[in-house]
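>>> Below: sequence and its predicted model.
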Amino acid sequence: MDTAVAFAFLVTLGAGLATAVGAGVGLFAKHTNRQFLAIALGFSAGVMIYVSFVEILPKASDYIHTSGTDIQGSLLTAGSFLAGLAGMALMYRLIPDLEHPELTDPSTKLPGEEGPVLVADRLLFRAGLGVALAITL
């Protein structure tokens with residue numbers, strides 16, 4: 001087997017196993033460390049932004065440039081990126097907010113919660129849904 005193919009297989013296997021381990025932690029953890037969750041969410045968002053700017057956009061620009069179009073690759077790539085941002089902003093405006101009063105009312109307890117829970121902690125749920133939706137699209 002070619003070393004590049006073996007390396008790609010091992011990296012893919014590692015990513016799949018990491019996903020399984022992360023899901024297991026999420027399912028079987030007794031306590032939720034919200035500070036760690038917020039830091040991890042910020043880190044993953046930073047990695048996605050880094051990959052977009054350093055890996056994906058330059059490759060897209062090169063592919064467009066070599067495809068023989070009259071439009072400059074960098075201009076079309078930047079325009080497409082900005083159109084995606086505008087599309088996400090439009091989607092954010094058009095889709096109504098989630099109406100879950102139990103997320104913003106500190107007097108209600110959600111399943112599995114013990115003691116007082118800050119409203120900001122509950123709104124972490126909404127941020128997570130937004131990130132999941134952005135990744136999905």
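Structure's in. What do you need? Numbering: from 1, shown residues only.
>>> burial count for residue 19?
10 (other CB atoms under 10 Å). Backbone N, C-alpha and C define where each C-beta goes, glycine included.
>>> next structured bit after the helix-or-strand element of the chain with minimal mean pLDDT?
Across the helices and strands of the chain, the lowest-confidence element by mean pLDDT, DSSP states H and E is helix 101-104, at a mean of 56. Using DSSP states H and E, the next helix or strand after helix 101-104 towards the C-terminus is helix 119-136.
>>> Which secondary structure elements does that next one sit against?
helix 34-51, helix 101-104 (3 or more CB pairs under 8 Å, 6 or more residues apart in numbering; DSSP states H and E).
>>> from the middle of its chain, how far away would the longest helix anywhere in the chain be?
Ranked by number of residues, the top helix in the chain under DSSP state H is helix 3-28. Distance of helix 3-28 from the chain centroid (CA atoms, centre = their mean, to the nearest Å) equals 17 Å.
>>> How about stretch 43-56?
10 Å.
>>> got it, and stretch 54-71?
With CA atoms, centre = their mean, you get 24 Å for stretch 54-71.
>>> Can you give me the buried ones in that stretch?
Going by neighbour count (16 or more other CB atoms under 10 Å), the buried part of stretch 54-71 is 57, 60, 61, 64.
>>> which ones are touching the third one?
Contact partners of residue 61, counting by CB atoms under 8 Å, 6 or more residues apart in numbering, are 73, 74, 76, 77.
>>> now the first one: how far from residue 52?
What that stands for is residue 73. According to CB to CB, to the nearest Å, residue 73 and residue 52 sit 16 Å apart.
>>> Give me the more crowded residue out of these two.
residue 73 (17 against 13).
>>> give me every residue that touches the more buried one.
60, 61, 62, 63, 64, 65.
>>> before we move on, back to that, just curious, which of the buried residues of stretch 54-71 is nearest to residue 34?
residue 57 (33.0 Å; CB to CB).
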